[in-house]
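In: can you look at this prediction? I've put the sequence above it.
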Amino acid sequence: MIVECDSLQATFQWVVLEEGPRCLVATCTIGERDPTSLQFIDWDEIKTFKTEKRRNEHLSARWLLEEALNEWGDLDSTQLMISRTDERAPYLQAIQGLWIQPKLPSLSITHSEQLACVALIEHGWTVGIDAEPLARPPKPAVYDMMAKGEELARLQSGELDALWAWTAKEAVQKAARLGMHLNPRDIVVSNTEKENEISIRNLIFQLEILPSDAYQITLAWGLDSQPIRTPEDDLLDATRTAMNSGEDWTVGCSTVRNNG
């Protein structure tokens, strides 16, 4: 079941998943955005872009994330920032120094041709999204880069749809937060979109195909078995444990003065 609504240039789809996690997919057309009006901007990263196309893709996706978080509700996005894991997977965290631990949704971002997509899923789950134009399926020359063995044979014979396989593998790579650190040849998909469960590295992901007239949009999602933690998370948890221990607890000797 999908509910759609438009806000400015963004389209939102609330996706009802089998096991019940709240999930939002937002899309928009890629275009020029004023970076000074956007919140989730890394100016150092923007300086590395070589083309106007890459800049527009990035800024459109960041604008779309801000819109998606507003649609998600119950969050103050002005308190949030985007960070990346060592594998470059994006995630939300509270701005450093605020010392808060909100239950933040996991996210995935993709763009292709003229489309940008953002997927959000509730805390405790992980999500990946990929989109490719229906008119531009992968060419046979790249099949051996994305599959091997029996799966490669199914691709070459046409038994396995190349566009389905490509977007499913990309979505799983993102949901696992590993990107190309997870070899797509090690992700084996079924011949049909109706068989939508993939097991990889002791992780299980479900796949969903989202309706689109011009793009194949594939969503991968599963339980977040390895949640991302920041140093502030660890310190806040340790502080909370100490405060709840029932023992005398102070922060630094300078904050406690003896009466005399």
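Out: Noted; the coordinates are in hand.

In: where in the stretch 101-250 of the chain is pLDDT low?
Out: Filtered on pLDDT under 70, the stretch 101-250 of the chain yields the residue ranges 193-195, 230-240, 246-250.

In: please enumerate the helices of it.
Out: Taking DSSP state H, counting those that start in this stretch to define them, one finds helices in the stretch 101-250 of the chain at 143-146, 149-157, 162-175, 231-243.

In: what's the most buried one of those?
Out: helix 162-175 (a mean of 24; mean count of other CB atoms under 10 Å). For glycine as for every other residue, the C-beta is placed from the backbone atoms N, C-alpha and C.

In: what packs against that helix?
Out: On a contact count with 3 or more CB pairs under 8 Å, 6 or more residues apart in numbering; DSSP states H and E, helix 162-175 meets strand 106-112, strand 125-133, helix 143-146, helix 149-157, strand 197-200, strand 203-210, strand 215-223.

In: in CSV: the helices of the stretch 101-250 of the chain, plus distance to Pro35.
Out: Below are the helices of the stretch 101-250 of the chain laid out as CSV (distance: least, CB to CB, whole Å):
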stretch, distance to Pro35
helix 143-146, 34
helix 149-157, 40
helix 162-175, 24
helix 231-243, 27
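
In: mind checking which of the ones you listed is nearest Arg201?
Out: Between Arg201 and the helices of the stretch 101-250 of the chain, the shortest gap by CB to CB is with helix 162-175, which sits at 10.2 Å.

In: tilt between the closest one and strand 125-133?
Out: Calculated by axes from the mean of the first three to the mean of the last three CA atoms, to 10 degrees, helix 162-175 forms an angle of 150 degrees with strand 125-133.

In: send the alpha carbons of helix 162-175 over as CSV?
Out: Output in CSV follows, covering the C-alpha atoms of helix 162-175 (Å, rounded to 0.1, in the frame of the first residue of the first chain):
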residue,chain,number,x,y,z
ALA,A,162,19.3,-7.4,-15.8
LEU,A,163,17.7,-4.2,-14.6
TRP,A,164,16.0,-6.0,-11.7
ALA,A,165,19.2,-7.7,-10.7
TRP,A,166,21.3,-4.5,-11.0
THR,A,167,19.0,-2.4,-8.8
ALA,A,168,18.4,-5.1,-6.3
LYS,A,169,22.1,-5.7,-5.8
GLU,A,170,22.8,-1.9,-5.5
ALA,A,171,20.0,-1.5,-2.9
VAL,A,172,21.3,-4.4,-0.9
GLN,A,173,24.8,-3.0,-0.9
LYS,A,174,23.4,0.3,0.5
ALA,A,175,21.2,-1.4,3.1
